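# What follows is a predicted structure for the sequence shown.
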Amino acid sequence: MERNTTFPLLLGNHSHTNSTCSRDNILKTVVFPVLYSFLFLVGMLLNGMAVWVFFRIPSRSHFIIYLKNIVVADVIMTFTFPFKVLSDSNMASTGLRIFVCRVSSVLFYLTMYISILFFGLISIDRCRKTLKPFRGTNSARLARRKILSGTIWTFLLILCLPNVILTSKTPTSPYFKCSNLKTVAGLYWHEVVNHVCQVIFWGNLVTVMVCYTLITRELYRSYSRTKSHSTQSKRKMNANVFLVLAVFFVCFVPFHFARVPYTMSQTRGVLFDCKLKLFFFQLKESTLFLSSLNSLLDPLIYFFLCKSFRTTLFKTLQLPPGTCSWLTGRGSNTDTGSPPLRDSSACT
Ligand SMILES: Nc1ncnc2c1ncn2[C@@H]1O[C@H](COP(=O)(O)OP(=O)(O)O)[C@@H](O)[C@H]1O
């Protein structure tokens, strides 16, 4: 069963030789490819629409700059899904499966952490806007946010590039895992990147939680000062504010718990028997699907939390501005009304 003798500690077993440990079960070859195909189709539609809307909105606030970055990340992520579908369903050639390990999976992870980082920045921005609603911005501040965005992309690209370069070994069998294509340095870097990404994720989760706690507290204070809003709209607004938090929890928390033992099983293979490795792989794949779902849920966030997005969307679709106000918890008047009572949805 142990066929790789060159890096036994790092690479572990080729579990495919043991049929009970084969990754090629119905979950990997049918269920997830079907689910990812659905994500690809719906994701292309929603994110295509989001790109089209954001092209029409000038980058006049920090929030809009961050949202535009997330849209770009989501579009790139969505483009990686067909490659995953072909590879996991065993319809891809060896060359294409190598491409998935080297390029498209790395791009997938890169865009996932771009989204996570910008979610953190959005929370800080929404918090600042809620606590200091009348503090505006200027072109110098906007330029700084654009530079920050560029820096984040560059940092993550540099971090992930060795995962492409060091996935350079030729597969010795048609049944290979991505870790089998990595050099010793490649496996080491893969582990380092995963540690850094864990720090990025948990750091951002704490940021999002702190910011939304402060936002909720401030919203309650604002509403108890005014009697003009109905209980129903109050409830809806708070629910919308929690959308970012809910998406963050559902999409990313399970994956980051599952990732730790899976990465260990990849880089310290001999410590795990093949059944345990398979279990961690399936856990990672299932939770990774939840993370991928993020590319589909983000457009909902734009819709619920960004007034300019809704307005531009309705204008382009030639719908009246108040459309869906029962969903967003604000009528068309409150959207433009004065002053938006620490309305964290104004997208300004
Ligand atoms: N957090 C990450 N950032 C960037 N690249 C990553 C990250 N995690 C994994 N990768 C890379 O993505 C590819 C697929 O990794 P992984 O999902 O762990 O393998 P597998 O598909 O065999 O389960 C590998 O080249 C790996 O180095």
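Done, it's in.
# What is the burial count for residue 147?
10 (other Cβ atoms under 10 Å). All C-beta atoms are positioned from the backbone trio N, CA, C, and that covers glycine.
# tell me the pLDDT at it?
Taken from the predicted model, the pLDDT recorded for residue 147 is 97.
# Where does it sit, in terms of helix or strand?
Counting by DSSP states H and E, the element that carries residue 147 is helix 139-165.
# elements contacting that helix?
Judged by 3 or more Cβ pairs under 8 Å, 6 or more residues apart in numbering; DSSP states H and E, helix 139-165 is in contact with helix 62-88, helix 105-131, helix 184-225.
# so the first one versus helix 105-131, what angle?
Same thing as helix 62-88. Following axes from the mean of the first three to the mean of the last three Cα atoms, to 10 degrees, one obtains 160 degrees for the angle between helix 62-88 and helix 105-131.
# And helix 62-88, what's buried?
Taking 16 or more other Cβ atoms under 10 Å as the basis for neighbour counts, the residues of helix 62-88 that come out buried are 62-88.
# Does the following helix or strand past that helix reach the ligand?
Helices and strands here follow DSSP H and E; after helix 62-88, the next one along the chain is helix 94-99. No: residues of helix 94-99 are not located near the ligand by Cβ under 6 Å from any ligand atom, the shortest gap being 9.7 Å.
# How far off centre is helix 94-99?
Distance of helix 94-99 from the chain centroid (Cα atoms, centre = their mean, to the nearest Å) equals 24 Å.
# Show me what that helix is packed up against.
Helix 94-99 packs on helix 62-88, going by 3+ Cβ pairs under 8 Å, 6+ apart.
# before we move on, back to that, now for the helices and strands packed on helix 139-165, which one comes closest to residue 314?
helix 62-88 (17.1 Å; Cβ to Cβ).
# What is that closest one packed up against?
Other helices and strands packing on helix 62-88, by 3+ Cβ pairs under 8 Å, 6+ apart, are helix 32-55, helix 94-99, helix 105-131, helix 139-165, helix 294-305.
# May I have the last one exported as CSV, CA atoms only?
Put plainly, it is helix 294-305. What follows is helix 294-305, C-alpha atoms only, in CSV (Å, rounded to 0.1, in the frame of the first residue of the first chain):
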residue,chain,number,x,y,z
ASN,A,294,-20.0,32.6,-0.4
SER,A,295,-19.6,33.6,-4.0
LEU,A,296,-23.4,33.2,-4.4
LEU,A,297,-24.4,34.8,-1.1
ASP,A,298,-22.2,37.9,-1.6
PRO,A,299,-24.6,39.4,-4.2
LEU,A,300,-27.3,39.1,-1.6
ILE,A,301,-25.2,41.2,0.7
TYR,A,302,-24.7,43.9,-1.9
PHE,A,303,-28.5,44.0,-2.4
PHE,A,304,-29.4,44.2,1.2
LEU,A,305,-26.6,46.3,2.5
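# Show me which positions of the helix or strand following it end up buried.
Taking DSSP H and E as the definition, the helix or strand that follows helix 294-305 towards the C-terminus is helix 307-316. By neighbour count, with 16+ other Cβ under 10 Å as the criterion, the buried positions of helix 307-316 are 307-314.
# for stretch 51-59, same thing?
53-54, 57, 59.
# Can you lay out these as CSV showing distance to the ligand and pLDDT?
Listed next are these as CSV, based on distance: Cβ to the nearest ligand atom, whole Å; pLDDT from 0 to 100:
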residue, distance to the ligand, pLDDT
53, 29, 90
54, 26, 87
57, 30, 88
59, 27, 88
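# So which bits of this protein are right by the ligand?
In this structure, the chain approaches the ligand at residues 101, 105-106, 109-110, 160, 163, 167, 177-179, 190, 193-194, 197, 266, judged by Cβ under 6 Å from any ligand atom.
# what's the nearest residue to residue 97 if we skip its chain neighbours?
If the residues on either side of it in the chain are set aside, residue 97 comes closest to residue 87, at 4.9 Å by Cβ to Cβ, 6 or more residues apart in numbering.
# actually residue 32, sorry about that
That would be residue 88: by Cβ to Cβ, 6+ apart, it lies 5.8 Å from residue 32.
# Please tell me how far that neighbour sits from residue 247.
Residue 88 sits 25 Å away from residue 247, taking Cβ to Cβ, to the nearest Å as the criterion.
# centroid residue for the chain?
Note on the chain: the residue nearest the mean C-alpha position is residue 112, at 3.8 Å, using Cα atoms, centre = their mean.
# Within its local environment, how many residues does the closest residue to that residue other than its chain neighbours see?
The spatially closest residue to residue 112, leaving aside those adjacent along the chain, is residue 291, at 5.8 Å (Cβ to Cβ, 6+ apart). Counted by other Cβ under 10 Å, the residues lying close to residue 291 total 23.
# quick one: the helix or strand harbouring residue 291 to chain centroid distance?
In this structure, residue 291 is located in helix 274-292 according to DSSP H and E. On the basis of Cα atoms, centre = their mean, the separation between the geometric centre of helix 274-292 and that of its chain is 17 Å.
# List the buried residues of that helix.
When burial is assessed from 16+ other Cβ under 10 Å, helix 274-292 yields the following buried residues: 274, 277-285, 287-292.
# Many thanks, have a good one.
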